[in-house]
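[1] Pasting the sequence and the predicted coordinates here, then a few questions.
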Amino acid sequence: MSSPNTGLELDEREMPPEPNVNMEKSEETEQIRREMHRAISKRDLDLVQKCLEEAKYLRQWLNPENGESALWSAVRQDAFEICGLLGCYNCTYSEENKKKELDKLRGVGDIREREYRYQLFRFARKFPCSSYLL
């Protein structure tokens, strides 16, 4: 099926749902969220992807310790490959701290921002989930 505005081919997948705040903070997801943040700290790309596959319904991946989103955690640690992968899976910033996290992101500088965008598009070509970004 083709989009009338762009002419791009679209598949039959639905867009991912908006973040479910209850699941993002739930004790039920605490273990996998903790594992995600450990993987980011270790820069373990394979484990990050495993977490993403295991809990596809999470979008913010809030750290149980401080409420920081996985995306901001990766940006803060200059883990740009992981930023690209998280972006490819439509991960987003914390709803509660969005303004704070986005303000900090604006201050990361041109080189870091370019690196983030490069990694995002690198993963967008590699993974099938990337059709949501293009």
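    Received the coordinates, thanks.

[2] Every contact and neighbour count from this point should use C-alpha atoms.
    Will do.

[3] How about the contacts made by residue 61?
    24, 33, 36, 69-70, 91 (C-alpha atoms under 8 Å, 6 or more residues apart in numbering).

[4] now the helices for the protein?
    Here the chain has its helices, by DSSP state H, at 21-25, 30-42, 45-54, 70-76, 80-88, 98-106, 110-126.

[5] could you check the angle helix 45-54 makes with the fifth one?
    Translated: helix 80-88. 10 degrees (axes from the mean of the first three to the mean of the last three C-alpha atoms, to 10 degrees).

[6] could you give the angle of helix 80-88 to helix 30-42?
    Using the same axes, to 10 degrees, helix 80-88 lies at 140 degrees relative to helix 30-42.

[7] What of the third one?
    Inter-element angle recorded for helix 45-54 and helix 30-42: 150 degrees (by the same axes, to 10 degrees).

[8] in helix 45-54, what counts as buried?
    45, 47-49, 51-52 (16 or more other C-alpha atoms under 10 Å).

[9] do stretch 53-69 as well
    For stretch 53-69, by 16+ other C-alpha under 10 Å, it's 57-64, 68-69.

[10] Could you list the low-confidence segments of this protein?
    Per-residue confidence for the chain (pLDDT under 70) gives these ranges: 1-21, 104-113, 116, 119-121, 123-134.

[11] re earlier: any idea which of the helices of the chain is most buried?
    helix 80-88 (a mean of 24; mean count of other C-alpha atoms under 10 Å).

[12] Can you show me the CA trace of that one as PDB?
    Output in PDB follows, covering the C-alpha atoms of helix 80-88 (Å, rounded to 0.1, in the frame of the first residue of the first chain):
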ATOM      1  CA  PHE A  80      25.300   6.800  20.400                       C
ATOM      2  CA  GLU A  81      24.900   3.300  18.900                       C
ATOM      3  CA  ILE A  82      22.400   2.500  21.700                       C
ATOM      4  CA  CYS A  83      20.700   5.900  21.100                       C
ATOM      5  CA  GLY A  84      20.200   4.900  17.400                       C
ATOM      6  CA  LEU A  85      18.900   1.500  18.400                       C
ATOM      7  CA  LEU A  86      16.500   3.000  20.900                       C
ATOM      8  CA  GLY A  87      15.300   5.500  18.400                       C
ATOM      9  CA  CYS A  88      14.700   2.800  15.900                       C
END
